[in-house]
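Colleague: return a 3D structure for these sequence lines:
(2 chains)
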Amino acid sequence: MSQFPSDSILVLADVTPLGELSSSVAAVIGEASTIGTPVLVVVAQPGLAERLSEAAGAAGAPHVLLYEQESTALTTPVLEALVDATERVNPGAVLISHSIEGKDVAGRFAARTGNALAVDVVAVGRDDEGVFAHHSVYGGSYEVDSAVTFGTPVITQRQGASERRAAPTRAEVHMLDVPVSTGPQTTIEAFEPAEATSSRPELRGASKVVAGGRGLGSAENFRLVEQLADALGAAVGASRAAVDAGYIGASHQVGQTGVSVSPQLYVAMGISGAIQHRAGMQTAKTIVAINKDADAPIFEVADFGVVGDVFTIVPQLISALEARDK
Amino acid sequence: MKILVLVKEVPDTYGDRTLNLTTGLAQRDASDKVLDEIGERAIEAAVSFAETHPQTEVVVLSVGPESVPTSLRKGLAMGADRAVHVLDDRMRGADLTLTAEVLAASAHKVGFDLIVTGDLSTDGVGGVIPAMLAELLGLPHLTNLTELTIGESSVRGVRDSDTGVMQISAPLPAIASITDRLPDPRFPSFKGIVAAKKKPCETLTLDDLGVDVSAEKPRSIIISLSEKPARGAGVTIVDDGQAGQSIADFLVENRLV
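Modeller: This is a model prediction of the structure:
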């Protein structure tokens, strides 16, 4: 007698500290909508119901389970809410963003409920045997489909990898309480939101990224990367070399040990393209590279490469883009 | 204080990494095998704590094939006190669920006050094992740490989250996963390498751990696999003074602006 559709797919929403749905949510709902009816689980501080349900509907979720809570515990309230939601909805799969918070919830949830996990998935699908997950591994060198032998698959979806979106709808909201968690917990003692320096998009999940490397030469020169990013409405990324040299903060590092991105456009400025860097960006749809070294490995993956000086080419590119806007 | 450090042997990322297209398993002999760098950092965090806290035992543990003791020796040479190798053919192709189960059983057998591990390996890059272990062992988790401070009865750290930076803490026992923002690992000294030869390296099987691989549990399996054609290089031009304009034209043609 469940009040939820029999083809329900549970989607866990990442919520920002300001109590908004994270930009990654729409893509997860979009993927979920291809294999069933998305039911969105939102855990947020009280008093945001109206705004959140509107946002959930706009992102294409017809059903929302809204859990209000004010706890300072790390992960546990979200985990308890998701376990509770699973019991209520009995979903065919659980989709979670492959974000830092999402990974922790997914790992604990799979272990708690005894279900198998498919992680860092770029798309989901359904065949005669049920739900399967599509992965892109070793920096995009291999494509792998996986499925679970039985049970409810727990799937984490790579941010920025999917362009699928569900049609906007009106969300029906169920207000619920987070079940109390027993057992030891990690406490969040203090939180400092990432500096909102500009209106630039977040690197994780951005549809366009402009990244700079050691070729920029100094923190001052790195401004050029930011200028091009702003001209394109792109997020700012960097190679490890640029981060280690102090041109920009570590949160901008793209690569194996930084953020993995799969944008529609990736512009690499003065980046040689070490394999560790390429592993974090070569699934980008279109790659443009500018480097003065014609032998730089980045050209092996670039759709459009320019051998030359970033300090003359990029200003010209920016004015060409600006001229176009007029 | 007993610190258990979990490490992994991975294909060296400086070489090409390949999957066997028939079995779907990592082609382990196709590339050099190394101790994952993030694991070395985890060992460093434990060993540097032990240097200032003499009553500390550091155990380094890894699950993997016959080559793993070489990686574990490096951990011992860096200063860990003993090593544990979980070696069992039935682990071949293990999914995350089985891996977490075996790690949890190993940790339980070895004993610990704190588990320290990397946030994610360079080959699997799932990054979910620390949270899975936390749940299986009933521990609080402190993940994605850029700073780690070990106390007598608690552990605290600075965690990079999706939207900002948080200070977090938890009572021991606990599990912490660290990022490459932690201090660089030391190079083993000659003395350390010699000493490592005398340190114990114990081997455990799944039977020792009481893990039943054939148990009816949901498993994740590969249903299809293909090698993607290497990303073909596109057009590369040499700047003739108009390259900036050319890029703009390229972006317009491809509807990227």
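
Colleague: so chain A: which segments form each domain?
Modeller: Domain ranges of chain A: A:8-175, A:208-325, per automatic domain parsing.

Colleague: mind putting those in TSV, mean neighbour count included?
Modeller: For every residue, glycine as well, the C-beta is placed using N, CA and C. Output for the domains of chain A, formatted as TSV (neighbours: other Cβ atoms under 10 Å in any protein chain shown):
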stretch	mean neighbour count
domain A:8-175	21
domain A:208-325	21
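
Colleague: JSON lines for those, including mean pLDDT and distance to B:Ala46?
Modeller: Below are the domains of chain A laid out as JSON lines (pLDDT from 0 to 100; distance: least, Cβ to Cβ, whole Å):
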{"stretch": "domain A:8-175", "mean pLDDT": "94", "distance to B:Ala46": "22"}
{"stretch": "domain A:208-325", "mean pLDDT": "93", "distance to B:Ala46": "20"}
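
Colleague: just put the ones you listed in CSV and tack on distance to chain B.
Modeller: Converted to CSV, these look like this (distance: least, Cβ to the nearest Cβ, whole Å):
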stretch, distance to chain B
domain A:8-175, 3
domain A:208-325, 3
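
Colleague: what's near enough to touch A:Lys208?
Modeller: A:Pro201, A:Leu232, A:Gly233, A:Ala234, A:Ala235, A:Pro263, A:Gln264, A:Leu265, A:Tyr266, A:Val267, B:Leu256 (Cβ atoms under 8 Å, 6 or more residues apart in numbering or on different chains).

Colleague: which secondary structure element is home to residue 133?
Modeller: In the absence of a named chain, this looks at chain A. Per DSSP states H and E, A:Ala133 falls inside strand A:130-137.

Colleague: I was thinking of chain B, sorry if that wasn't clear
Modeller: Per DSSP H and E: helix B:129-137 holds B:Leu133.

Colleague: on that earlier part again, among the contacts of A:Lys208, which are in strands?
Modeller: If you go by DSSP state E, the contacts of A:Lys208 have A:Ala235, A:Leu265, A:Tyr266, A:Val267 in strands.

Colleague: I figured the first one was touching A:Pro201, is that so?
Modeller: Yes: taking Cβ atoms under 8 Å as the definition, A:Ala235 is a contact partner of A:Pro201 at 4.6 Å.

Colleague: burial of the residue in the stretch 51-200 of chain B positioned nearest to chain A, as a residue count?
Modeller: At 3.0 Å from chain A, B:Ala131 is the closest residue in the stretch 51-200 of chain B, using Cβ to the nearest Cβ. Neighbours of B:Ala131 under the rule other Cβ atoms under 10 Å in any protein chain shown: 25.

Colleague: how about the nearest residue to it once chain neighbours are set aside, what does it touch?
Modeller: Sequence neighbours aside, A:Gly107 is the residue nearest to B:Ala131 in space, at 3.0 Å (criterion: Cβ to Cβ, 6 or more residues apart in numbering or on different chains). Listed by Cβ under 8 Å, 6+ apart, the contact partners of A:Gly107 are A:Leu117, B:Ala100, B:Val128, B:Ile129, B:Pro130, B:Ala131, B:Met132, B:Ala134, B:Glu135.

Colleague: could you do B:Gly64 as well?
Modeller: B:Lys8, B:Glu9, B:His85, B:Val86, B:Leu87, B:Met91 are the contacts of B:Gly64 under Cβ under 8 Å, 6+ apart.

Colleague: same thing but at 7 Å, please
Modeller: Residues in contact with B:Gly64 (Cβ atoms under 7 Å, 6 or more residues apart in numbering or on different chains) are B:Lys8, B:Glu9.

Colleague: how many neighbours does B:Gln242 have?
Modeller: Around B:Gln242 there are 13 residues (other Cβ under 10 Å).

Colleague: just give the closest residue to it, not the sequence neighbours.
Modeller: In space, B:Gln242 is closest to A:Gln316, 7.7 Å off (Cβ to Cβ, 6+ apart).

Colleague: against A:Val306, how distant is that neighbour?
Modeller: From A:Gln316 across to A:Val306, the span is 11 Å (Cβ to Cβ, to the nearest Å).

Colleague: could you do A:Ser319 as well?
Modeller: Counting by Cβ to Cβ - A:Ser319 and A:Val306 are separated by 16 Å.

Colleague: next: B:Leu72.
Modeller: 47 Å.

Colleague: check B:Phe112 too.
Modeller: For B:Phe112 relative to A:Val306 (Cβ to Cβ), the value is 53 Å.

Colleague: swap in B:Leu182?
Modeller: In terms of Cβ to Cβ, B:Leu182 sits 38 Å off from A:Val306.

Colleague: what about A:Glu101, which SS state?
Modeller: helix (DSSP: H, G, I helix; E, B strand; the rest coil).

Colleague: ok, it touching A:Ala13?
Modeller: No: if you go by Cβ atoms under 7 Å, A:Glu101 and A:Ala13 don't touch, sitting 10.6 Å apart.

Colleague: so which residues of the stretch 1-150 of chain B form helices?
Modeller: Using DSSP state H, counting those that start in this stretch, the helices of the stretch 1-150 of chain B run over B:37-52, B:68-78, B:96-110, B:129-137.

Colleague: and for the stretch 151-257 of chain B?
Modeller: B:190-198, B:206-209, B:243-253.

Colleague: let's have these in TSV, adding distance to chain A and mean pLDDT.
Modeller: As requested, those are exported to TSV (distance: least, Cβ to the nearest Cβ, whole Å; pLDDT from 0 to 100):
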stretch	distance to chain A	mean pLDDT
helix B:190-198	25	95
helix B:206-209	17	96
helix B:243-253	3	95
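
Colleague: show me what the lengthiest strand in chain A is packed against.
Modeller: The single longest strand within chain A, with elements called by DSSP E, is strand A:117-127. Counting by 3 or more Cβ pairs under 7 Å, 6 or more residues apart in numbering or on different chains; DSSP states H and E, the packing neighbours recorded for strand A:117-127 are strand A:130-137, strand A:154-157, helix B:96-110.
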